[in-house]
Structures are given as structure tokens and as C-alpha cells.
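Chemist: Starting from these lines, generate the structure:
(chains A and B)
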Amino acid sequence: MIEPQWQRHWAAEQTFRAWNPGDRIPESHPFGLRHGLDGRAASASELPPKFYILDMFPYPSGAGLHVGHPEGYTATDILARYRRAQGFNVLHPMGWDSFGLPAEQYAVKTGQHPRITTETNIANFTRQIQSLGFSYDWTREVATTDPEYFRWTQWIFLKIYNSWFNPATNKAEPIDTLSYPADCQTEAQQRAFRDSKRLAYVSEAPVNWCPELGTVLANEEVIDGKSEVGGFPVIRKPMRQWMLRITAYAEKLLADLNTIEWSDSLKEMQRNWIGRSEGAEVDFQVDGQPEKIRVFTTRPDTLFGATYMVLSPEHRLVAGLTTPAQSAAVKQYQEFAATKSDLERTELAKDKTGVWTGAFAINPVTGGQIPIWIADYVLASYGTGAIMAVPAHDERDFEFAQKFGLPVVQVVQPPDAKTEWQGFCDEGTAVNSGNAELALDGLPTAEAKRQITVWLESKGLGQKTVNFKLRDWLFSRQRYWGEPFPILWRKDADGNLYHEALPETALPLMPPTLEDYKPTADGQPPLARAQDWLHLPDGAIRETNTMPQWAGSCWYYLRYLDAKNAQGFVGREVENYWMKSGGKTPGVDLYVGGTEHAVLHLLYARFWHKVLFDLGQVSTAEPFFKLVNQGLILGEDGQKMSKSRGNVVNPDDVLVEYGADAFRLYEMFMGPLQDTKPWNTQGVEGVYRFLGRVWRLFVDEKAETDYEQASTVASGTDSAAESARLLDLIRLSPLIRDDAPTPAQLKLLHECIRKVTHDLEHLQFNTAISAMMVFINGAMTWENRPSTVLGSFLQLLAPFSPHLAEELWQRLHQHRDAAVPSLTYAPWPAFDPALLVETDMELPVQVNGKLRDVIRMPVDATAAEIEAAALKAEKAQQFIVGKTVKKVIVVPRKMVNVVVA
RNA sequence: GCCGCGGUGGUGAAAUGGCAGACACAGGGGACUUAAAAUCCCCAGGCCGAAAGGCCGUGCGGGUUCGAGUCCCGCCCGCGGCACCA
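Modeler: I've put the predicted structure just below:
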């Protein structure tokens, strides 16, 4: 009952507004009062230090919130409230990642416009989130589907489109800085060159096509050959698609992981996805033909053991190399490989297949003739699409050689003589590796790599190279409910299609209104249905693909900074204040969300941010300084929550039963934030009881009974006036007085302050809560409850259970006839170590490392005194008497260990 | 297969190399009550014992140390990610 009341109060007071530099802070707003900025505008330097706490904004699904959402949101809310109390200017916003498939699928089924579905869902999510009492600044709410939002998503796309990556400066630059090679003379040639360099470009390459979803997908969205969403089969299909050149940033995306505080596992996932590997490219001359085949290898030291070569079936040289005798077999194999889906390719991975082209190449170090094969275990998309096969020291090559009877030559000796050299893939010592100019025998692998690479470079046969697994980002989707590309297609004088950007003044480009949201009959995206939208009067045609859902989430954290800015995606000064000021924590200070975005959202957003950084649009190289993944909450049965298992817990139900405070507290008390843990409704009961004890620590028992009787009588009439009248019956306990606290009371309080403060800094919410429980268990026995001690405790409780804390805080001050200061902006209680000092201490006595007794000693006892006392410790006697004391170890203020023999 | 994280009571979990199991849930016993709910008090890792007390105990096996849940080496198991990436 008190919870909605306080939520209304916070909304009316705008308690949690975050102030931008230059904002005028209204008179008597508690933030202004606390920081001496009452009723005036504050410059960036006058504002207190910033703290930006961000949640991963949700996709507002029709199912509503599940208990996993509030876990992260509660953690960030607690920290936001804690930082406000510490005096930071806290930015804590919420918004909606509202483009997405479910609303569109619903539209296909029912014809209801996705915007309506989306708005309904947002309203429901808003209600649910607000009922939890989170301290968001709702004036900064954003939705990716809002035209005033996606206008800037399209604007950023144009920035990316109009940029290229300059390897000389190692950063993105406006496309005008591109200089054309001498053979680019005509306008068409220059355009083609420009378009080939843009960070957003059109590609005709094979893409991941998901027939079930009717759209293409990025590599990151395909898992085991199936779509990440829905788990539908994905096939390779050549299509004209928009790509973003994320590979240009591979090195920076990898290196800058070292500058941010993310969990090891998350960084590792990104590192694996980027997949950097160092090696060499080597050219192999095709025997009797002018062509050379370039391969990439991480083990150039094994070149002497290369006994055959393999090209991917799609390799461009295959057709030219193949001998007439082998031509039919090769063609057949290419077709076989092409029809395999990704899924089949993965599933059949164990069994190697391939055919010989009939051609040979020359091994550049041995001069030997080696056959050239094609096989689909070599991927066209990685490295050069061709390999040198060293069956002796590569598992896959070994398997292939075994199957097709190809020679195996040892060139590495394992360090342990007992190890079988065939199939030995680790580092060892080079053997059988020498020719007239080169002698690698006896060299350890690392040195052999170095020497042969130098030799290859000197001969012009190859060079050191770095390769990445990361592919460019497939950025277009055949969807209706996404941002339309601000791109037009035209034909030049020769009738060739080319693309051109819409002017910024044409933004936002709205999607057309449609009757039917399905793709068109001829496989075109749904937007192609809207004929009058599609065709411009001057003959141009609009791009009909839309952007993927990730586009909107790539920069929403920047829009929060300046959500209403109509002139730009974010104001320069504002961006600088929130992202850069504070120095040691550039960017978002804390970002909390699930681990499912490890290589999707979090990689894409870092990429966009780096482009914007290079273009001077933002002031930091990384967007998210510290990132924490909250763990999954399982159902009560220990299984993942799912509708089919029927173990889903709905926050609304918990709220009705126990209220937001108990719900929040329980979510944090379950265990460490990062851990996966099962839900247990009886656990909610436990923290609910704790809150009941807090209440009874403050409230007079008799008044409580009166209130309960009155509310039983009045049940049925639940008007606001009636509940106010009832609440008026509550009186605080007469045990609460303004008396000076005793040393024991102060000690209990300050132990709690110390622990809660420490644990909040380390996001250890579960142990902070247990510290408050310890305090309450102790304080319940007090006959005299000093108001100052109780007030400080409420401040500690406030971030966790703000409604109860506010209610009692208000009553505590009224009880003393004092004005009620803002709880949100009351300075965080300071911990005084002096109050914890004791005059004596308990000291465990160990004999040979086993606990035998505990003695009491004054804290300033000398080591000698402690030793003497320990040797006399009563219960330790039977383990000491009759033995020789060899040593006594006294750890000051910790314990004492007697070593006997 | 490779990479990362983890393994502690009946359960969720605590423990800067220094009294293992704080805090809570479930359980047992008691008080209040006509009764129930709520609340309050007590017990509670295992084994032996009437008790005092003793022995054992943090996945398994070794090691370092006066002392190891914690550090090192080798295994086993679980979870997550990647997976023909040359």
C-alpha cells in the first residue's frame, strides 16, 4: 500500500532526474539543495562527478517482464541510489529495443500494425517496471521505433556509409579524403572505387538465408547452422546485401578489450569471435601454369612437410586448374558442396570428402611436385580459401591424407621422444627441414617460423600476415519492422544500378504503411509492396531492405544523454560530460545485462562507437567501461524457466503477495549477481520476514494492532483517503528516543555500515543484505533505540528496499518533530573505524594447526604474553603436556599456533 | 577437441592463507493462543558418546606451509562459449 504512494511522490518530485550541464535545476529539488545548485543552471564543472549506470534495455515482448529482467535492474538501481547518496550526479535511464520480429509476425498473422502491438507492450512493460520502484529518469526514455530516435540511427548509418577506413591513419575518415588511383578516371570508375571502400557497402557474396524467417542473418545470429531466433535451418545463398566493414576494426576491437573491465569469460568470447591468428601467406606456383596459389598458414615452419594442397570448392582458380580428365569429378563435387546446408556441413564434419583437380603445385622449399585437391573442409571465407596440407602435423590434413592415401612427411620432432610424431600438432623441434639456402633442423618451432618467414620474404615467396575469423557484418534484413535504409538506387548512363545516400534533411525516412507485412511473392522484402513509396518521381527506387534489430541498440546509451535533442544525435558538451568526465572511468561506468549479447550487441555497439570516435562524434574509444553479466534465474525445479515447463515466475504475482521491496531484496539475496541460481518462493518469505522485523523495530506494537483491527473493519473501502486515515493510526515505538547511542549500539551500526558500503562497491548485494539482517537481529533486543542509529540504518536499507525506507524515514523525522530531509540525497553514512576498536579480543589457539581452545586477551597484548597464555590454555593442555614445544607462531590479532612434537 | 567459469550442510549460500558453514530457506523442539496464523526463544555438517569431549569433513589424488575451501601440479564431474578458422 505504501509502495505506489512513494512511487507517485518520486514521480511528482522528479526525484531521480539527472541533470545535464546547463539544465536549470528547479527550486527546492533535493539534488539542487544537496549540491548548492538550488534553482539555477549548473555548468559541467559545477555539477558533481557523474556516474552513468546502464541496463540493457529490453525488447518489450508480449509476454511481459520475467524475473530475470528485474535482477539486473535491481542491481543497477541499488547502485544508482547508493551513488546518489554518495553525491554523484547519477544517470540511470531506461528505454525500449522495440523493433523486432514478434511484433512483425503478429502483424503478418492479424494485420495489426506492429507499431500498435509495440506500443501496447511498451505500456505493459512500463507499468511493470515502474511498480518495482526503480529510480529511472523517465524524461530520458527512448524507443528505437520512435521516428525521432531512428532518424538518428539512419543518420549514423549515413556517417558510416560516408566513411572509409584509412590504413595509413588507422582510423575511419570521411569518404572525401579518399584519393583515387591513377586508373580511376571516369565518374563511374571513381564511384565504383569509392563504393568499394565505404564502411557500409553492397556485397553479392553468399549469405546466411533462413527460409523459415524469410530473411538473411549475420554470422553472429547463426548457431550450429540454425537461426539464433527460432532455431530454423539456415542455408548459404548468394544475395545482394548491405555489409558493414567491422573487419577493419578487428585489431582495435581486440586490443581495446584490455582497456575495459569486463569479465574474463566475456572478453574471451569476444577474443574467440574476433579470432586473431598470426602466420604467413605463402605462394605456391602451379606446375606448368602461370597461376600462383596463395595460402595462409600459422605454421610456416612446417612448409617442408606440405605434401599436397587443398582449395575450397568455391576457390576462383579451381576451374582453370582442373585437368580435362578430372573436370567432371570436380564439377560434381562443387555442386555437392554447394547444396550442403551449413547444418549438414557441421554435422558431417567428421567425414572428410574431396577430389583431386588433376593439377600439381611446386612446394617452394623442397621443389617437389604436390597434388592440388579441392575439399569442403577448407573454407572459402577464411584466410585465402586455400591451404598447404601438412598431414604429419595437422589433425584435419592427417585425416584427409589417411583417407585418400596421400604422403605424410615428418618435419617436427615432439619434445617428448615417446610421443608419436604422426598427427603431432604442438610445438617441437624442426627436422627434415632444410634445402640449399635454408637449414631449420634442430630449431624450436618459434624460431623456425621466424627464420623461414624471413627467407620467404627475401625471396618474394610470402610474408608475415595476421588473419581474423571475424567477418564483415551482414547488415540488411528482409523485414518490415526495422529502420529503412536512407538509400536510393539509380541507373547511370550505361544502365548500371548505383546507390546514393538520402540527404540528412530527408530523415527520418519512415517505412510505408502496408496492408500485408509478408515478403512479396517474388521474394522481395515487404517494403517492395509499397509502390508509391518505392518509386520516386525522378525515377529513383528506394532500398527495400531494413536494418537489423542491433542497429537501434548500437547507440541508445548515447541518446539517453540527450534524448530530446532535435539538432543532433547527442549534444557535444553533454556527451563530453557523461562519457568522458571523471577521467578514470570513461564511458558508461557500469553496464549490466545478460550474457546472451556477448558477441552480438556488445561487439556491434563497440564497433559503431569506434567509428563515431574516429569521426570525432564521441569522445571515448570504448562505450562501456565496466560490464557485469547477471546470472540466469532458473525455475524452482532448477530448470531453465520456460512456458512449456510451466516453471515461469511472473513478477506481478510476487509483487501482489510480498511487494516490490521484498521482491527486490530477494532477487539480490539469492546469491552473487553473476551466478546462475534457482528461484525459491520460500526464500522471498524469508526476506519478507526480515522487512517485517525492520517495521516492528520502528513501529509501536499497540498502534500496529489498532491499525490491523481498523483495517479489518474497513476492509472493502479502499479509497485513498481511507488508507491515509488508517496509516495515520501507525505510531512509532516509544523506545525510539533521541538519546545518545551506547558504544555497543554504535559498534553494531558501524559494523553494518562498513560491510554494506564495502559490499556495494563490489556488487556483493547478498552479503550486504545479510549484514543488515545481523544488525536488525541485534537491534531488536534493544530497549532504547536511538533515532540517529535507526536513521543511519534506514539509509543503508534505502537502496535495496526504498519504499519501506522512505516510509520509516519520514515517520522517524515526524516522530521527532523534525523536518523530513530527502532520503535519496541524504549523504551516505560514514564508517568510523574507531568505533569498532575493542579492548580485548578472542584468540583461537591451535596445536599443530588444529583448533583446541579460544583465549581472551587484551588487544595490545605482546606476542610473548600471548604465547605464554596460549601454552596455559586449558583445553589445549592435553595436546601440549608431555610433548616438546618446537615453535609458537603468533599472528597478531588473528590466532596463535603451538607446534609440538 | 579447444577456451572460460565453477564443484562447500537437506537447500540458496558465507569465509584479505588463520575458529569452515555467517545470513537465510526447509526441518525439529518449545512459548504465546480455545485453536490456527503471525510472532518470539532454542537445536541443527557427519560419526562415536549419557555428557564432557573426541575423530572425520569444502569433487578425487598429490604438493607447498606452523596452518589450505583458499596457493601449486595431475585427474574427475557440471555449466557456458567456440568448433574443419589451416
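Chemist: Surely A:H535 is in contact with A:I541?
Modeler: Yes - the pair A:H535 and A:I541 passes the contact test of C-beta atoms under 8 Å, sitting 6.1 Å apart. C-beta: built from backbone N, CA, C; applies to glycine.
Chemist: neighbour-wise, which of these two wins?
Modeler: Neighbours were tallied for A:H535 and for A:I541 using other C-beta atoms under 10 Å; the higher tally belongs to A:I541 (15 against 12).
Chemist: What is the three-state secondary structure of the residue nearest to the more buried one when sequence neighbours are not counted?
Modeler: For A:I541, ignoring the flanking residues on the chain, the nearest one in space by C-beta to C-beta, 6 or more residues apart in numbering is A:W489 at 4.7 Å. Here A:W489 is strand, with the state taken from DSSP: H, G, I helix; E, B strand; the rest coil.
Chemist: And A:P371, by the same measure?
Modeler: Counting by three-state DSSP, the backbone at A:P371 sits in strand.
Chemist: Surely it is in contact with A:L311?
Modeler: No - taking contacts as C-beta under 8 Å, A:P371 lies outside contact range of A:L311: 11.4 Å.
Chemist: shared neighbours, those two?
Modeler: When contacts are counted by C-beta atoms under 8 Å, 6 or more residues apart in numbering, the set common to A:P371 and A:L311 consists of A:T357.
Chemist: From RNA strand B, how far off is A:K252?
Modeler: Separation of A:K252 from RNA strand B (C-beta to the nearest atom of the strand, to the nearest Å) stands at 19 Å.
Chemist: again, but for A:M841
Modeler: Shown here: A:M841 relative to RNA strand B, a distance of 8 Å by C-beta to the nearest atom of the strand.
Chemist: is it true that that residue lies in a strand?
Modeler: Yes - counting by three-state DSSP, A:M841 falls inside a strand.
Chemist: May I have the residues that are in contact with the nearest residue to it once chain neighbours are set aside?
Modeler: Nearest in space to A:M841, with sequence neighbours left out and distances taken as C-beta to C-beta, 6+ apart, is A:V859 at 5.2 Å. Applying C-beta under 8 Å, 6+ apart, we find A:V859 in contact with A:837-841, A:893.
Chemist: cool, A:V330 as well?
Modeler: Residues counted as contacts of A:V330 (C-beta under 8 Å, 6+ apart) are A:318, A:322, A:355, A:357, A:374.
Chemist: Is it possible to get CSV of those residues that adds distance to RNA strand B?
Modeler: Shown next, in CSV, are the contacts of A:V330 (distance: C-beta to the nearest atom of the strand, whole Å):
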residue, distance to RNA strand B
A:V318, 14
A:T322, 19
A:V355, 14
A:T357, 16
A:I374, 12
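Chemist: The nearest residue to A:P313 once chain neighbours are set aside and RNA strand B, how far apart?
Modeler: In space, A:P313 comes closest to A:A337 once its chain neighbours are excluded; the distance is 4.1 Å by C-beta to C-beta, 6+ apart. Per C-beta to the nearest atom of the strand, A:A337 is found 9 Å from RNA strand B.
Chemist: and if you look at A:G367?
Modeler: A:G367 sits 21 Å away from RNA strand B, going by C-beta to the nearest atom of the strand.
Chemist: Leaving out chain neighbours, which residue sits closest to that residue?
Modeler: The shortest distance from A:G367 to any residue that is not its chain neighbour, by C-beta to C-beta, 6+ apart, is 7.6 Å, and that residue is A:N435.
Chemist: How many residues are close by that neighbour?
Modeler: Using other C-beta under 10 Å, A:N435 has 13 neighbouring residues.
Chemist: next helix or strand past the worst-scoring helix or strand of chain A on mean pLDDT?
Modeler: Least confident helix or strand, chain A: helix A:342-347 with a mean of 63, by mean pLDDT, DSSP states H and E. On the C-terminal side of helix A:342-347, the closest following helix or strand by DSSP states H and E is strand A:355-362.
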